[in-house]
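Chemist: here is my input; please provide its structure:
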Amino acid sequence: MTQPILEVRDLKVSITEKPDIQIVKGIDLTIRPGEIHALMGPNGSGKSTLASTIAGSPTYKVDSGSILFRGEDVTAATADARARMGIFLSFQYPTPIPGVTMVNLMRESLKARRGAEVPAREFLAELRATLAKLKMSEDMARRYVNDGFSGGEKKRAEILQMGLLKPDLAILDETDSGLDVDALRTVSEGVNALRTSDMGVLIITHYERILNYIEPDFVHILVGGRIVTSGGFDLAKRVEHEGYDPILKELGIASAETPVAEGAAR
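Modeler: Okay, here's the model as predicted:
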């Protein structure tokens with residue numbers, strides 16, 4: 001059997017500055033090459049916390065359990081080390097960086113990813129090929145990172161970075177947040193254009209709509225810091241039509257139990 005790209009084993013996570021608040025309470029998750037997993041759940045269930053922890057955010061502390069990336073334990077690895085290894089996180093709220101152009105950011109990122117300087121001609125050829133694949137103008141690469149970008153442009157810029165870096169694991173944290181239908185379709189088409197049989201994808205979302213464009217192989221429902229049930233795309237469709245409460249009721253979980261901690265997690 002193919003070695004998993006990601007293995008999360010009985011992971012428990014708290015807030016670094018508030019260790020008494022545990023958000024993730026024992027999660028197991030395995031993603032293999034070529035697979036797309038969707039993680040859904042109500043507000044406060046811990047979805048973004050899990051995504052940030054896999055990416056190595058110092059905001060969160062692993063209390064127990066482990067994170068393996070291509071068989072290597074990276075539980076204690078820093079965020080930049082994980083990024084260089086091939087873990088990519090697309091942020092829900094990308095930060096503007098005035099004065100730093102997209103092209104400079106991406107060239108430095110690619111240098112860190114490959115461990116060596118990329119010759120200018122080679123870099124520009126790869127950048128133009130990626131822009132063409134994503135049907136983006138070269139003007140995007142000349143602009144300052146997320147500075148004055150619309151919501152859709154910020155998400156497209158994230159996908160452009162993903163396309164150039166070619167990660168082994170792409171985590172998309174609520175990429176659909178704040179996008180209109182046209183922007184959502186454009187971003188989703190970009191993700192689909194970049195998918196390979198070697199890449200694993202984890203989509204964090206509240207809603208089914210992005211999954212209509214990027215169809216998942218597996219859907220997991222996260223409630224109260226735990227994955228309470230998993231299934232196929234039909235599970236996401238059921239959430240869209242019925243909401244979470246009927247599913248939780250079948251599982252014997254009251255909707256009032258869903259938040260991990262008020263204001264602590266997403």
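Chemist: contacts, neighbours, all on C-alpha from now
Modeler: Fine.
Chemist: pull the helix or strand where R82 lies out as PDB, backbone CA atoms only.
Modeler: In the assignment (DSSP states H and E), R82 maps to helix 79-85. Presented in PDB, the C-alpha positions along helix 79-85 are these (Å, rounded to 0.1, in the frame of the first residue of the first chain):
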ATOM      1  CA  ALA A  79       6.600  25.700  10.600                       C
ATOM      2  CA  ASP A  80       9.400  26.800   8.200                       C
ATOM      3  CA  ALA A  81      10.900  23.300   8.300                       C
ATOM      4  CA  ARG A  82       7.500  21.700   7.500                       C
ATOM      5  CA  ALA A  83       7.000  24.200   4.600                       C
ATOM      6  CA  ARG A  84      10.400  23.300   3.200                       C
ATOM      7  CA  MET A  85       9.500  19.600   3.400                       C
END
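Chemist: quick one: distance of that helix to the chain centre.
Modeler: Chain-centre distance of helix 79-85: 14 Å, with Cα atoms, centre = their mean, to the nearest Å.
Chemist: who touches that helix?
Modeler: For helix 79-85, the external contacting residues (Cα atoms under 8 Å, 6 or more residues apart in numbering) are 55-58, 74, 112-114.
Chemist: mark which of these are buried, thanks.
Modeler: For the contacts of helix 79-85, a burial check counting by 16 or more other Cα atoms under 10 Å picks out 55-57, 74, 112-113.
Chemist: make JSON lines out of the residues you listed and add distance to F233 and secondary structure.
Modeler: Shown next, in JSON lines, are the buried ones among the contacts of helix 79-85 (distance: Cα to Cα, whole Å; DSSP: H, G, I helix; E, B strand; the rest coil):
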{"residue": "A55", "distance to F233": "25", "secondary structure": "helix"}
{"residue": "G56", "distance to F233": "28", "secondary structure": "coil"}
{"residue": "S57", "distance to F233": "29", "secondary structure": "coil"}
{"residue": "V74", "distance to F233": "30", "secondary structure": "coil"}
{"residue": "A112", "distance to F233": "36", "secondary structure": "helix"}
{"residue": "R113", "distance to F233": "33", "secondary structure": "helix"}
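Chemist: for the host helix or strand of I221, name the packing helices and strands.
Modeler: I221 belongs to strand 218-223 when assigned by DSSP H and E. Counting contacts by 3 or more Cα pairs under 8 Å, 6 or more residues apart in numbering; DSSP states H and E, strand 218-223 packs against strand 36-40, strand 226-231, helix 233-242.
Chemist: in the last one, what's buried?
Modeler: Residues of helix 233-242 classed as buried by neighbour count (16+ other Cα under 10 Å): 233, 235-237, 239.
Chemist: out of the buried ones among the contacts of helix 79-85, who's nearest P96?
Modeler: S57 (18.8 Å; Cα to Cα).
Chemist: quick one, what contacts the closest one?
Modeler: Neighbours of S57 in contact, by Cα under 8 Å, 6+ apart: 78-79.
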